[in-house]
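> What follows is a predicted structure for the sequence shown.
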Amino acid sequence: MATSPDNPASSGTAMATILAVDDSRINLKGVSRMLEGHFRVLTAESGPAALQIAAAEPRPDLILLDVMMPDMDGYEVIQRLQADEATRDIPVIFVTARVNDEDEQRGLSLGAADYITKPLRPAILLARIRNHLKLKQAQDALRDYNTALESSVAERTATLSAVLDSADQVIAMITEEGAIMAINRIGAEQFDATPAQLAGRNFFDLLPPEFGIPIADQIAEVMLTGHSSEVDAARNRRIFHVTVYPVPGAPPRVVVYASDVTDKVAADALLHKEREQLAAALAHQRELNRKLEDAQNQLLQSEKMASLGQLAAGVAHELNNPIGFVRSNVTTLKGYLDSLFAIIAAYDGQAAQSATPETLAALAAIKQREDYDFLHEDIFQLLAESQDGLTRVQDIVQNLKDFSRVGESGFGWADLHACLDSTLNIIWNELKYKCTVVKHYDPTLPQVYCIASQLNQVFMNLLVNAGHAIAERGEITITTSHGPDGMAHVAISDTGCGIAAEHLPHLFEPFFTTKPIGKGTGLGLSITYGIIGKHKGSIDVSSEVGKGTTFTVNLPIDNGDEAEGGAELAA
């Protein structure tokens, strides 16, 4: 086990501690170098060593855990961490060289906070770690706040119980006519008298009408029905809870219990208010968690698209050079062949004038044997076909560059038709065997102020979904238009299976999918919805089962005010 220097951060607070777990010392050294200067780094070369370090004080703030390790793999390690009360709240990020949907789903179900694939990139690794440390800090703060709030509520409830236990209570026995047969000391003190002084007096004469009349009606009801009754009444700005019980025997009489519940009512109101505040705080935290989950989903999808863009840009860059010199060589070769055939023609002319008939016959035989006339005609056709093929490859490379938009970091003016065409070229192999694409482009559609690479992602998601909805043969129609409202509209329709009405309200929820298990992650439309929302646009969907679906993307043409989310989209 090795540690980096336990130095305080520049702000004066202690650095967060990161535990890196990998059975490769080389990998551990690489991770340590990436994290040094940012965090305090602990390392472990096995699962048992990681569990021992995680359980020791001080505990790590986050764990980078390799999945594939001998003896105890990452899945068993996280299960043991989750089973331990002391370590279950430590965020765990799986680090693995290979990951598929099943591995990722298994890890997340066991409690992993995130997945990072090898080889690691320092900027992404640091950003992921900082995000999860901030999330843990927020969750810890909320848990502490909830604990303090619950403690406060419990303390106030205990105080209220103590007040009720010691509260004065009037207890009096009253005849049918209201004569006081008996009253306790506390009750007598309410009327500034002693129990003896109140004996025989009329109970109702001692009470103001607004209090006495409801009590008199209540006593009459109990006398009539023989059942107890409860009522709240006010006296001298105090609220009393009055309970009347019938007393068997003669003469007819009742026992009256009157408790001052003013403080209880006020405390109940306060408790209700605090519970409402707690519920509001919990609802707010749930909303924050939902937004964080949406942001994380978008980050995952954006990273995938960024990787695809980098791959496309790299392929385009690598192909450009060989295509350039091959095309140049073919052009040069055509010039050489023109010169050679001109020389051969000149020799033929000279030979026809000076050569003997036998020589001419021999030359003619050689030309016939080698099929000279066919070679002369076909070689230039082959060169023309080669040049045409090189042009097509250059077009494909340009489509890759247009789709990836390498270097694009913010909003700019873009041609939606070019975005649609480049995206179609990228995914055409997935569509061409079963889909016919029909384009109805608005020739007057202006350029749109947007992040083109993000819209490429939107169009790719919608077109791939349209292709998946078509089982065997079908048609995808792309229609663009714009109106006086300053909005550009892109409608993508398919003749596929359609979407059931009960699924439509859930289409844009993260992880919701109507595809079979293993065929979709449920993130595509969620990310699409988020990108369009950040562009201050909207997306509409209409569908009929068995006939097809239409998604319509509505975007403001001049989205000059990009304050909301512009930087996020570019990130």
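Alright, I've got the coordinates. Just so you know, these numbers come straight off a predicted model, no measurement behind them.

> Show me what the helix or strand that contains Gln218 is in contact with.
Using DSSP states H and E, Gln218 sits in helix 209-225. Residues from elsewhere that reach helix 209-225 (CB atoms under 8 Å, 6 or more residues apart in numbering): 174, 176, 178, 203-204, 206-207, 228-229, 231, 233-235, 240, 242, 244-246, 252, 254, 256. Glycine gets a C-beta too; all of them are placed from N, C-alpha and C.

> as a whole number, average confidence for that helix?
In this model, helix 209-225 carries a mean pLDDT of 80.

> re the thing from before, just the buried residues of the contacts of helix 209-225.
174, 178, 203-204, 206-207, 229, 233, 235, 240, 242, 244, 246, 254, 256 (16 or more other CB atoms under 10 Å).

> Just the closest of these to Leu28, please.
Ranked by distance to Leu28 (CB to CB), the buried ones among the contacts of helix 209-225 are led by Phe240 at 73.4 Å.

> Is the closest residue to that closest one other than its chain neighbours part of a helix or strand, or is it coil?
In space, Phe240 comes closest to Ala258 once its chain neighbours are excluded; the distance is 4.8 Å by CB to CB, 6 or more residues apart in numbering. Following DSSP: H, G, I helix; E, B strand; the rest coil, Ala258 is assigned to strand.

> Number of residues surrounding Ala258?
The number of residues packed near Ala258 is 22, by other CB atoms under 10 Å.

> picking up where we left off before, would you check which pair of the buried ones among the contacts of helix 209-225 lies furthest apart?
It's Arg235 and Pro246 that sit farthest apart of the buried ones among the contacts of helix 209-225, by CB to CB, at 23.4 Å.

> Which parts of the stretch 301-450 of the chain are strands?
412-414, 435-440, 448-450 (DSSP state E, counting those that start in this stretch).

> now those as TSV including mean neighbour count, distance to Phe39 and mean pLDDT?
Formatted as TSV, the strands of the stretch 301-450 of the chain follow (neighbours: other CB atoms under 10 Å; distance: least, CB to CB, whole Å; pLDDT from 0 to 100):
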stretch	mean neighbour count	distance to Phe39	mean pLDDT
strand 412-414	15	37	88
strand 435-440	14	50	92
strand 448-450	23	38	91
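
> List the buried residues in the helix holding Gln218.
So helix 209-225, judged by 16+ other CB under 10 Å, has buried residues 211-212, 214-216, 218-219, 222-223.

> so where do the helices sit in the stretch 51-200 of the chain?
Taking DSSP state H, counting those that start in this stretch as the criterion, the stretch 51-200 of the chain carries its helices at 74-83, 101-109, 122-165, 185-189, 195-198.

> could these be laid out in CSV, adding mean pLDDT and distance to Leu363?
Output for those, formatted as CSV (pLDDT from 0 to 100; distance: least, CB to CB, whole Å):
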stretch, mean pLDDT, distance to Leu363
helix 74-83, 90, 79
helix 101-109, 80, 70
helix 122-165, 80, 71
helix 185-189, 79, 141
helix 195-198, 84, 150
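
> From the buried ones among the contacts of helix 209-225, which one has the minimum pLDDT?
Lowest pLDDT among the buried ones among the contacts of helix 209-225: Arg235, with 64.

> With distance to Ser526 added, can I get the strands of the stretch 301-450 of the chain in a markdown table?
Listed next are the strands of the stretch 301-450 of the chain as a markdown table, based on distance: least, CB to CB, whole Å:
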| stretch | distance to Ser526 |
| --- | --- |
| strand 412-414 | 23 |
| strand 435-440 | 24 |
| strand 448-450 | 19 |
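
> closest one to Ala50 among the ones you listed?
Closest to Ala50 of the strands of the stretch 301-450 of the chain is strand 448-450 (CB to CB; 46.0 Å).

> dump the residue contacts of the residue nearest to Phe240.
169-172, 187, 240-243.

> Report the buried members of these.
Buried members of these, scored by 16+ other CB under 10 Å, are 170, 172, 187, 240-243.

> can you pull the contacts of His198?
For the record, residue 198 is Leu, not His. By CB under 8 Å, 6+ apart, Leu198 lies in contact with 180, 183, 188, 191, 206.

> how close does the last one sit to Asp260?
Leu206 sits 16 Å away from Asp260, going by CB to CB, to the nearest Å.

> Format the buried ones among the contacts of Ala258 as JSON lines; extra columns: distance to Ser339.
Formatted as JSON lines, the buried ones among the contacts of Ala258 follow (distance: CB to CB, whole Å):
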{"residue": "Val170", "distance to Ser339": "126"}
{"residue": "Ala172", "distance to Ser339": "131"}
{"residue": "Gly187", "distance to Ser339": "129"}
{"residue": "Phe240", "distance to Ser339": "120"}
{"residue": "His241", "distance to Ser339": "116"}
{"residue": "Val242", "distance to Ser339": "121"}
{"residue": "Thr243", "distance to Ser339": "121"}
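
> which ones among the residues you listed are found in strands?
Residues of these located in strands (DSSP state E): 170, 172, 240-243.

> Make CSV out of the residues you listed and add distance to Ala269.
Listed next are those as CSV, based on distance: CB to CB, whole Å:
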residue, distance to Ala269
Val170, 23
Ala172, 29
Phe240, 17
His241, 15
Val242, 20
Thr243, 22
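
> what's the closest of these to Asp442?
Of those, the one sitting nearest to Asp442 (CB to CB) turns out to be His241, at 74.2 Å.

> Hmm, the closest one is touching Asp232, no?
Yes - using CB atoms under 8 Å, His241 is in contact with Asp232, at 5.4 Å.

> Which residues are in contact with each of those two?
Common neighbours of His241 and Asp232 (CB under 8 Å, 6+ apart) are Val261.

> tally of neighbours for the closest residue to Lys118 other than its chain neighbours?
With sequence-adjacent residues excluded and distances taken as CB to CB, 6+ apart, Lys118 is closest to Ala97, at 4.3 Å. Residues near Ala97, counting by other CB under 10 Å, number 11.

> what's the answer for Ala471, then?
9.

> Just say helix, strand or coil for it.
Following three-state DSSP, Ala471 is assigned to coil.

> That one and Ser493: what is the separation?
The gap separating Ala471 from Ser493 is 16 Å, by CB to CB.

> same thing with Lys136?
45 Å.

> Show me which of those two is the more surrounded one.
A count of neighbours by other CB under 10 Å puts Ser493 above the other of Lys136 and Ser493, at 20 against 17.

> which helices and strands does the helix or strand hosting the more buried one pack with?
Element membership for Ser493 (DSSP H and E) is strand 487-494. The helices and strands touching strand 487-494, judged by 3 or more CB pairs under 8 Å, 6 or more residues apart in numbering; DSSP states H and E, are helix 416-431, helix 452-469, strand 474-482, strand 548-556.

> C-terminal to that strand, what's the next element?
Strand 487-494 is succeeded, C-terminally, by helix 524-534 (DSSP H and E).

> With just CA atoms, put that next one into CSV.
C-alpha atoms of helix 524-534 as CSV (Å, rounded to 0.1, in the frame of the first residue of the first chain):
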residue,chain,number,x,y,z
GLY,A,524,-31.7,8.2,-26.9
LEU,A,525,-35.0,10.1,-26.7
SER,A,526,-34.3,11.4,-23.2
ILE,A,527,-31.0,12.9,-24.5
THR,A,528,-32.8,14.2,-27.6
TYR,A,529,-35.4,15.9,-25.5
GLY,A,530,-32.7,17.5,-23.3
ILE,A,531,-30.7,18.8,-26.3
ILE,A,532,-33.8,20.3,-28.0
GLY,A,533,-34.8,21.9,-24.6
LYS,A,534,-31.4,23.5,-24.3
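
> Okay, angle between it and helix 452-469 too, please.
150 degrees (axes from the mean of the first three to the mean of the last three CA atoms, to 10 degrees).

> how close does the residue located most distally from the centre of the chain get to Ala362?
Going by CA atoms, centre = their mean, the residue of the chain most distant from its centre is Thr356, 88.4 Å out. Look at Thr356 and Ala362: by CB to CB, they are 9 Å apart.

> Kindly report the same for Val541.
Between Val541 and Ala362 the distance, using CB to CB, works out to 79 Å.

> Please point out which parts of stretch 256-275 sit buried.
Neighbour-count burial for stretch 256-275, counted by 16+ other CB under 10 Å, picks out 256-261, 264, 267.
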